[in-house]
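>>> Here you go, sequence then predicted model.
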Amino acid sequence: GSFRIGRPNGTNLVLGGGYTESIGYEANVSVNLGLVENVPLRGHIIVTNMPVKEGDLGVRLVAEAGWQPASWFEFTALLGYGIRTINHQGFSAGLSASFLW
């Protein structure tokens with residue numbers, strides 16, 4: 001589940017979490033900035049023990065920037081860094097195209 005504080009299509013803060021039996025849980029905090037029209041900016045902090053319920057906790061920090069040429073379509077790029085233990089850490093990057101409704 002999640003709880004949003006702020007406008008749905010503007011600046012807001014989302015607090016969320018979930019649990020799946022035998023897989024683990026995840027908690028997250030996301031900030032969505034509506035500072036520039038059609039340019040969504042987001043930041044996420046994710047804490048999880050997935051996919052191993054009894055495993056160590058991991059933390060992932062993610063920054064996203066997008067371009068929304070239409071109200072129903074968005075291109076997004078993301079950069080992130082995750083760490084589970086001193087031996088398991090690294091950067092992540094991605095690109096996406098999303099249909100919104």
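Arrived safely, thanks for sending.
>>> Kindly state the beta-bridge partners for the closest residue to residue 17 other than its chain neighbours.
Of all residues not flanking residue 17 in the chain, residue 27 sits nearest, at 4.1 Å (CB to CB, 6 or more residues apart in numbering). Any C-beta I mention is one placed from the backbone N, CA and C, and that applies to glycine too. Beta-bridge pairing of residue 27 under DSSP bridges involves residue 17, residue 47.
>>> So which residue is dead centre in the chain?
residue 44 (4.5 Å; CA atoms, centre = their mean).
>>> And that one, how close does it get to residue 21?
Distance of residue 44 to residue 21, computed by CB to CB, to the nearest Å: 24 Å.
>>> same thing with residue 55?
Going from residue 55 to residue 21 by CB to CB gives 15 Å.
>>> Compare these two (neighbour count), which wins?
residue 55 (14 against 6; other CB atoms under 10 Å).
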